[in-house]
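In: Test case, fold it:
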Amino acid sequence: MGTEQNLEAAMDRPAWAPPEVDLERPSTARIYDYMLGGLHNFAIDRQMAEQVLAVGPQIRLTAHANRGFLRRAVEFLAAAGIRQFLDLGSGIPTVGNVHEAAHRVAPDAKVVYVDVDPVAVAHSLAIVEGDERVTVVQADIRDTDAILSDPRVTGALDFTQPVAVLIVAVLHFVPDADDPARIVARLRDAIVPGSYLGISQVATFPFELTAEQRAVADRYTKANAVALRSREQIGAFFDGLELVEPGLVDPAEWRADGDVTDMFPSYAGVARKP
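Out: Take a look at the predicted model:
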């Protein structure tokens, strides 16, 4: 890249974006931020998001439904006495994030955000700067052993006490080849009885796609390694745990008041380790 191109790239790069981040590669965290109405995304992310919305405009509603589920789940868990939260694939903590929801109920709650995206991590650090109750770690959810042994995680959370592990709108980005069931089982085994696991995941398409829709879906899937799963497959992530009411339902239905609008098919649940 020449000097003029370097200068142009520097001028286009937002102040909050680390220099090592590729502005031309879409990011799931930033696409999700855009879906939620956030400001921490690039043109490539908005372009990909709009193409996805062309396939299923209800996906934006689904993103908001997942964020609502996350907030209500955290409030429920904090009210149930949980004071430690491990949010995996946390993305960019815009409105309705875990630490805000937890601290409304339990100001002493400890929260650890984990995400693989350096932009998500950089913005998370800026949001929680100075708050000793919140820790931010850059790591890949697929490397559970590294996360569970990270001194920043073990320094913030006491795994001899109940912990809420949250994996919200993340597992559909973990392909079957990476064995998501193993990832969840490792996390389940690491927490003590009385701990909780919260999961939401996009499900399989309920309709046949047109050729144009399939082309866009394939592009998004290739860029983000999306793995859609059935209700039964998603429910299997909770094996060995006790689902709390209302069980495995649409994220918008989980302990929510009001009508449920037309969402992209997905399921969410919170379960307790007996």
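In: Now do the strands in the chain.
Out: Secondary structure of the chain (DSSP state E): strands at 84-88, 110-115, 134-138, 164-168, 196-202, 242-243, 266-272.
In: CSV please, covering these and showing mean pLDDT, mean neighbour count and distance to residue 95.
Out: C-betas here are computed from N, CA, C, even on glycine. Shown next, in CSV, are the strands of the chain (pLDDT from 0 to 100; neighbours: other Cβ atoms under 10 Å; distance: least, Cβ to Cβ, whole Å):
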stretch, mean pLDDT, mean neighbour count, distance to residue 95
strand 84-88, 98, 26, 15
strand 110-115, 98, 25, 15
strand 134-138, 97, 22, 16
strand 164-168, 98, 24, 15
strand 196-202, 95, 25, 17
strand 242-243, 98, 13, 28
strand 266-272, 96, 24, 19
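In: In a markdown table: the ones you listed, plus distance to residue 158.
Out: Below are those laid out as a markdown table (distance: least, Cβ to Cβ, whole Å):
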| stretch | distance to residue 158 |
| --- | --- |
| strand 84-88 | 7 |
| strand 110-115 | 9 |
| strand 134-138 | 13 |
| strand 164-168 | 13 |
| strand 196-202 | 15 |
| strand 242-243 | 22 |
| strand 266-272 | 18 |
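In: Please identify which of those is closest to residue 53.
Out: Of all the strands of the chain, strand 196-202 sits nearest to residue 53, with 14.1 Å by Cβ to Cβ.
In: What is the longest helix seen in the chain packed up against?
Out: If you go by DSSP state H, the chain has its longest helix at helix 58-79. Secondary-structure packing of helix 58-79 (3 or more Cβ pairs under 8 Å, 6 or more residues apart in numbering; DSSP states H and E): helix 28-35, helix 43-55, helix 98-105, strand 164-168, strand 196-202, strand 266-272.
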